[in-house]
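Undergrad: The sequence isn't on hand, but the structure is:
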């Protein structure tokens with residue numbers, strides 16, 4: 001999980017994306033032969049070093065999954081099969097944001113402008129690998 005004291009969700013998402021690109025850069029620079037040994041083309045990973053990752057909301061992800069025949073609950077976290085399905089359809093990592101309140105930890109902050117929506121995310125890998133990391137703005141008000 002990416003957690004930063006006093007940070008916004010967007011700042012946490014930037015850290016998550018930066019961690020992923022840092023790891024990819026490190027692997028490409030130091031052990032590209034390991035990727036080749038695993039049957040992976042190191043050049044296929046260089047595309048991950050450019051640009052920002054796309055984002056879709058939880059509601060959009062649920063609609064895509066249901067449209068493809070997967071019975072994903074609109075009130076729950078995306079299940080493992082759903083994450084794998086979305087991941088397989090993608091050609092690069094992407095974020096899923098705005099999970100519904102109650103679907104995740106009590107410490108995920110609710111969006112003050114959109115009651116019932118959490119200020120959180122999952123970073124999903126492409127190629128069928130599913131979730132890489134999650135995070136959110138954390139609720140800091142003890143009474144809440």
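TA: Received the coordinates, thanks. Everything numeric here is computed off the predicted structure, so don't read it as measured data.

Undergrad: So residue 3 is in contact with residue 138, correct?
TA: Yes: Residue 3 lies in contact with residue 138 (CB atoms under 8 Å); the separation is 6.1 Å. Backbone N, C-alpha and C define where each C-beta goes, glycine included.

Undergrad: Name the residue in these two with the higher neighbour count.
TA: Using other CB atoms under 10 Å, the more surrounded residue of residue 3 and residue 138 is residue 138, with 19 against 13.

Undergrad: residue closest to the middle of the chain?
TA: Centroid check for the chain by CA atoms, centre = their mean gives residue 123 as the closest residue, at 1.4 Å.

Undergrad: Adjacent strands (with direction) for the helix or strand that one falls within?
TA: In this structure, residue 123 sits in strand 120-124 according to DSSP states H and E. Here strand 120-124 is paired, per DSSP bridges, with strand 94-97 (antiparallel), strand 131-136 (antiparallel).

Undergrad: For this protein, which segments count as helices?
TA: In the chain, the segments counted as helices under DSSP state H are 9-30, 32-37, 42-46, 58-67, 80-89.

Undergrad: To residue 142, which of these lies closest?
TA: helix 9-30 (20.4 Å; CB to CB).

Undergrad: Now do that closest one: which elements does it pack against?
TA: Judged by 3 or more CB pairs under 8 Å, 6 or more residues apart in numbering; DSSP states H and E, helix 9-30 is in contact with helix 32-37, helix 42-46, strand 94-97, strand 120-124, strand 131-136.
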